[in-house]
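[1] What would the 3D arrangement of this be:
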Amino acid sequence: MRIMIVTDQYPPMVGGVPSVTHGLAVDFAERGHQVWVVAPSYGARDVRRIEQNVRVYRFSSFEWPTYKDLRIPFLPFMPVRNLIKRSDPDIIHIHSPIVLGNIAQLLAGGLRKPVIATNHYLPINLSRSLGSDPFLGKHFNNITYSYLISFCNRCEYVTAPTQTALNLLYEHGLRAPAAPISNGVDLKTYSPGPRDPEVLRRFGLPEDRPLILHVNRLSEEKRIDVLLDAMVKLKSNAHVALVSSGPAEAELREQVEQLQIGDRVSFLGFVRDADLLALRRSADLFVIPSEADLQSLATMEAMACGLPVIAANAYALPELVHNGENGFLFQPGDSDELAHDIDIILGDAQLRAHMGSESLRIISHHDRVKVLDEWEILYHRLSFEFKDTRERHLRQRMKNRQQGYKPRAEQISTTRTTRQRRMQRTGDLKLDQPDPSYFDL
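    Numbering: from 1, shown residues only. Got it, this is the predicted structure:
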């Protein structure tokens with residue numbers, strides 16, 4: 001198949017959506033499909049090159065003011081239109097509903113291409129300050145969802161990574177055909193393994209204490225502050241490693257100093273994949289206190305490495321973390337409950353092993369191979385149905401023409417021309433004069 005993926009977030013940007021879109025593009029290319037990616041560049045010039053057998057087209061952009069690292073392109077209507085015409089994709093898969101996705105959707109209609117949209121966003125992801133404001137937040141959410149639902153309802157099909165995420169769209173008026181399709185996780189890459197003392201030493205992490213791992217963007221809605229508050233209340237002598245960076249890092253470092261827990265917290269920043277895999281295998285527990293995740297790739301990868309998980313009982317996290325089975329769910333923002341749950345798991349090796357096994361069982365349903373199969377089936381079906389519908393409409397149009405039927409627009413045009421010619425012959429009307437009766441049609 002010929003597949004076009006349109007996204008505002010793509011590597012080298014770091015995060016869940018860039019990982020998902022890059023993974024889809026590369027995996028489809030490895031399966032023998034022709035893949036084009038439309039994404040923002042990181043400067044004022046358009047860039048075109050082949051990356052891992054994927055044709056990547058990057059268009060000039062500027063940085064989104066309320067979201068560091070998110071790029072917004074300079075409305076490349078004609079270049080995107082020309083690219084769609086040249087590449088002639090069987091399906092256009094949009095992962096961003098803002099600039100590039102909106103352009104691709106508008107052009108796809110005129111160029112008769114089927115469009116799938118996958119929603120990865122919550123309003124708070126677009127603007128944290130507005131989305132969380134107690135007065136403006138509700139109106140901002142309503143406006144954001146109004147735009148998002150309008151965008152989705154113009155697509156041939158809509159997906160979201162979890163049923164929770166899809167239900168949010170239904171609650172706000174989604175009418176397009178839709179289904180949840182997981183982001184998936186590569187179970188061949190992410191799997192349990194032995195503890196790696198060398199990687200612990202390299203990152204300055206203790207080898208003789210329980211290790212809590214957190215991997216997520218350091219931003220306000222991820223609520224890492226709750227995890228730091230919980231560290232003060234622990235009975236166990238655990239250490240937490242925070243992987244990634246983000247706009248809230250300075251505030252979090254200040255919080256660590258105020259709580260005087262610098263010897264129990266490590267900010268590791270960006271960690272390359274090989275080291276991060278070793279860190280997961282060396283950790284005892286994964287914690288995610290986030291209140292803004294429609295799935296969580298980081299949680300899925302931790303589960304695939306056999307870790308028990310403690311998560312906030314918010315949005316889609318309960319679809320991955322089953323309370324009392326592969327971990328615990330705690331009330332969002334409640335650091336006392338989080339500390340209590342951490343102590344229970346770290347204090348019981350047998351429970352920890354059981355919950356880790358349950359994580360492996362639950363995550364097996366999100367195997368990347370199964371997810372790619374789902375996408376391929378959906379792509380083929382929609383492409384076939386779209387082409388079949390077009391052909392049936394064309395055949396019906398030809399049949400109507402042969403039977404003398406004309407669409408209303410052609411009837412109006414023909415009627416107007418006939419009247420003009422008849423009146424011109426009788427001298428009642430010149431061709432450049434309007435016929436008042438025309439406007440009554």
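
[2] Now do the domain split for this protein, please.
    Domain segmentation of the chain under automatic domain parsing yields 2-184+368-390, 197-366.

[3] Any chance of JSON lines for these, columns mean neighbour count?
    All C-beta spots, glycine's among them, are computed from the backbone N, C-alpha and C. Formatted as JSON lines, the domains of the chain follow (neighbours: other Cβ atoms under 10 Å):
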{"stretch": "domain 2-184+368-390", "mean neighbour count": "18"}
{"stretch": "domain 197-366", "mean neighbour count": "19"}
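
[4] Would you single out the least confident of those domains?
    Among the domains of the chain, domain 2-184+368-390 carries the lowest mean pLDDT, at a mean of 89.

[5] Could I get the full set of helices for the stretch 51-200 of the chain?
    77-87, 99-110, 123-126, 128-131, 137-153, 163-171, 197-202 (DSSP state H, counting those that start in this stretch).

[6] Columns distance to I342 on top of those, output as CSV?
    Listed next are the helices of the stretch 51-200 of the chain as CSV, based on distance: least, Cβ to Cβ, whole Å:
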stretch, distance to I342
helix 77-87, 48
helix 99-110, 40
helix 123-126, 26
helix 128-131, 26
helix 137-153, 30
helix 163-171, 25
helix 197-202, 19
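
[7] Distance across stretch 159-168, terminal residue to terminal residue?
    With Cα to Cα, to the nearest Å as the measure, stretch 159-168 spans 12 Å from end to end.

[8] How about R48: what's its closest non-neighbour residue?
    For R48, ignoring the flanking residues on the chain, the nearest one in space by Cβ to Cβ, 6 or more residues apart in numbering is Y57 at 5.3 Å.

[9] show me what contacts the one you found?
    W36, V37, V38, A39, D46, V47, R48, P79, L83 (Cβ atoms under 8 Å, 6 or more residues apart in numbering).

[10] mind listing what the last one touches?
    When you say that, I think you mean L83. Applying Cβ under 8 Å, 6+ apart, we find L83 in contact with W36, V38, Y57.

[11] Just name the closest of those residues to G193, please.
    Of all these, G193 sits closest to W36, with 36.1 Å by Cβ to Cβ.

[12] Check the chain for its longest helix and report it.
    Secondary structure of the chain read by DSSP state H shows that its longest helix is helix 368-402.

[13] quick one: the spatially most central residue of the chain from H239, how far?
    The chain has H120 as the residue nearest its centroid, 3.0 Å off, counting by Cα atoms, centre = their mean. For H120, the distance to H239 equals 32 Å [Cβ to Cβ, to the nearest Å].

[14] Can I get the domains of the chain in JSON lines including distance to N400?
    Shown next, in JSON lines, are the domains of the chain (distance: least, Cβ to Cβ, whole Å):
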{"stretch": "domain 2-184+368-390", "distance to N400": "16"}
{"stretch": "domain 197-366", "distance to N400": "46"}
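
[15] For Y190, find the nearest of these.
    With Cβ to Cβ, the closest approach to Y190 among the domains of the chain belongs to domain 197-366: 3.7 Å.

[16] starting at the chain centroid, how far to that closest one?
    22 Å (Cα atoms, centre = their mean, to the nearest Å).

[17] now the end-to-end length of it.
    30 Å.

[18] Y121 reaches H95, doesn't it?
    No: contact criterion Cβ atoms under 8 Å: Y121 and H95 do not qualify, at 9.6 Å.

[19] Please flag which of the contacts of Y57 sit within helices.
    Within these, residues falling in helices by DSSP H are P79, L83.
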